[in-house]
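Undergrad: After the sequence you'll find the predicted model.
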Amino acid sequence: MSNDEKILSVIRQESEEKIKALSDDAEKVYLEITSEAQKKAEEIRRGGEHKVQLQSDNLLSAFRSRVELERRNALLKTKRKEIEKTIDMLREHIISLNDKDYFKFILRLAKKLESTKGEMFFNSRDLKRMPKNFSLVLADHSIESTLSSVPEDSIDGGFVLKNGDIEENMSISSLIEEKREQLEDLIGSELFKD
């Protein structure tokens, strides 16, 4: 089992536990509200009128609907929170790759822009850990961009390629945001399998 699968497994287990706890809490609230509604309904029923019976049934139905809506909202909120947590973990995982794997990843990103020339800007952390021969590695892959020694600390990882007024933002956060919808679908389907 890979680290990613282990992380997803732990997150899935935590999510299932949280969802179970929320469901249990919702069930408890549901039982309390139902009990209260049944008591009120019983009082109304004692009146014996058909109209009063309908009102009690409507009241009980409204309580049930409210509890179900609150339960669904709580589950959706928990799922959203877990998806965001997983996306943040993905971002951190990429940023904290060992130097060799991280710059292989950077090279793959740079290859997507190989026909674009310009100056590549990295954050301070990446400039410090960049292999000394990285510009040669880029040249070996026909990437004619130069490496800037000026840090671009507005990005969390990855790089920004600047060519005059044109910028290609290949930062980790930008790439994740670009694919956010697909990531959310994938993570949601993995974490919350039925």
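TA: Right, received. Where do you want to start? All values derive from a computational prediction rather than experimental measurement. Numbering: from 1, shown residues only.
Undergrad: Tell me which residues touch the residue nearest to Asp126 when sequence neighbours are not counted, please.
TA: Using C-beta to C-beta, 6 or more residues apart in numbering and skipping the chain neighbours, the partner closest in space to Asp126 is Gly157 (6.5 Å). Backbone N, C-alpha and C define where each C-beta goes, glycine included. Gly157 makes contacts with 91, 94-95, 102, 123, 125-126, 171-172, as judged by C-beta atoms under 8 Å, 6 or more residues apart in numbering.
Undergrad: now, which of those sits nearest Arg64?
TA: Among the contacts of Gly157, Arg91 lies closest to Arg64 (C-beta to C-beta), at 41.2 Å.
Undergrad: which residues touch the closest one?
TA: Contacts of Arg91 by C-beta under 8 Å, 6+ apart are 156-157, 172-173, 176.
Undergrad: Which secondary structure element of the protein has the lowest mean pLDDT?
TA: helix 3-46 (a mean of 72; mean pLDDT, DSSP states H and E).
Undergrad: Relative to the whole chain's centre, how far out is that helix?
TA: Relative to the chain's own centre, helix 3-46 is displaced by 23 Å; criterion: C-alpha atoms, centre = their mean, to the nearest Å.
Undergrad: Average pLDDT for the next helix-or-strand element following that helix, rounded please.
TA: Using DSSP states H and E, the helix or strand that follows helix 3-46 in sequence is helix 50-95. Mean per-residue pLDDT for helix 50-95: 83.
Undergrad: what's the angle from helix 50-95 to helix 3-46?
TA: 170 degrees (axes from the mean of the first three to the mean of the last three C-alpha atoms, to 10 degrees).
Undergrad: Give the buried residues for the helix or strand following helix 50-95.
TA: Using DSSP H and E, the next helix or strand after helix 50-95 towards the C-terminus is helix 99-111. By neighbour count on 16 or more other C-beta atoms under 10 Å, the buried set for helix 99-111 is 102-103, 106, 109-110.
Undergrad: rewinding a little: what is the least confident helix or strand of the chain packed up against?
TA: helix 50-95, helix 180-191 (3 or more C-beta pairs under 8 Å, 6 or more residues apart in numbering; DSSP states H and E).
Undergrad: Out of those, flag the one nearest Gly118.
TA: Among the helices and strands packed on helix 3-46, if distance is taken as C-beta to C-beta, the winner is helix 50-95, at 22.6 Å.
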